[in-house]
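In: here is my input, please return the structure:
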Amino acid sequence: MRLDKARIAPLTDAEMDAEQKETLEKTFQGRPVYNIFRTLGRAPKAFKSFMRWGGYILSDYNSLAPREREIVILRTGYNWKSGYEWAQHVRIGKECGLTDLEIDHIKEGPLAPSWSPLESAMIRAVDELTTDAFITDRTWGELDGLTEKQRMDLVMTVGQYTQVSMMLNSFGVQLDADLESDPDLER
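Out: Modelled structure (predicted):
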C-alpha cells in the first residue's frame, strides 16, 4: 500500500445521501460494499459509468478466459504497485484457477517458469502497455494464439486496471478487513 490512510475516505452508511444510498444498494443488493466502491460512491454519476465499463471487463463479454484475464489484471496491478488491486485480484485469481506459485510468478514476469509461450507473451504485453502504452510488433506476433477480439480485450483490460490502480493509489483506498497486504507492494 502506498499510503497509510485514505486521502478520500470511503463513505460510511451514515454519510450517504439518498442518491449514494440508492446507487450502492442497487449495485450490491445487500452484499458487502468494498472500500473502493464506498470511495467512488462520493461521485455517484462517475461511479455508475465506471461500473458499466468495469462490468464489461469482468463479464463473459470479455473474450479472455477468466484465468487469463486475472493474469493480466494482477500483472497490471503489480506493475502499478497497487496493493489494493493486487489483494482483491489474488482472491479472484485463485477462484479462477491460479495457483499460489503462479501468483508469485506473476510478480517475476514473463520469463517465470509457470508460463506457456502465450501466457508469457500476455505478461510481456502488459509490461509494454504499462511502460510505453504500446505493444511491440514482436509481442503482438507472439499473441497469435489470441483472436483479434481477445487482443483488443487484453489492451482494454490493462487500460481499465491502469485507471483503477491510479485511483486506488492516489485516493489512498485502504484494504478491506478481509484482504491481506502483500509485502512486495508495501511502500
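
In: what helices and strands are in contact with the host helix or strand of residue 47?
Out: Assigned by DSSP states H and E, residue 47 belongs to helix 44-57. Here helix 44-57 touches helix 18-28, helix 35-40, helix 148-171, going by 3 or more C-beta pairs under 8 Å, 6 or more residues apart in numbering; DSSP states H and E. C-beta here means a position set from N, CA and C on the backbone, and glycine is covered the same way.

In: got the CA positions of the shortest one in PDB?
Out: Written as PDB, here are the backbone C-alpha positions of helix 35-40 (Å, rounded to 0.1, in the frame of the first residue of the first chain):
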ATOM      1  CA  ASN A  35     -13.800   0.400   0.200                       C
ATOM      2  CA  ILE A  36     -13.100   1.100  -3.500                       C
ATOM      3  CA  PHE A  37     -16.900   1.400  -4.100                       C
ATOM      4  CA  ARG A  38     -17.600   3.400  -0.900                       C
ATOM      5  CA  THR A  39     -14.900   5.800  -2.100                       C
ATOM      6  CA  LEU A  40     -16.100   6.000  -5.700                       C
END
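
In: what are the contacting residues of it?
Out: With contacts defined as C-beta atoms under 8 Å, 6 or more residues apart in numbering, helix 35-40 is touched by 6, 8-12, 24, 27-28, 46-47, 50, 84, 88, 164, 167-168, 171, 173-176.

In: at 6 Å what do you get?
Out: Helix 35-40 has contacts (C-beta atoms under 6 Å, 6 or more residues apart in numbering) with 8, 10-11, 47, 171, 173-174, 176.

In: pLDDT of it, averaged?
Out: Averaging pLDDT along helix 35-40 gives 94.

In: how far does it sit from its chain's centre?
Out: 14 Å (C-alpha atoms, centre = their mean, to the nearest Å).

In: go on, stretch 140-158?
Out: How far stretch 140-158 lies from its chain's middle: 17 Å, per C-alpha atoms, centre = their mean.

In: going by neighbour count, which residues of that stretch are buried?
Out: Neighbour counts over stretch 140-158 (16 or more other C-beta atoms under 10 Å) mark 142-143, 146, 150-151, 153-155, 157-158 as buried.
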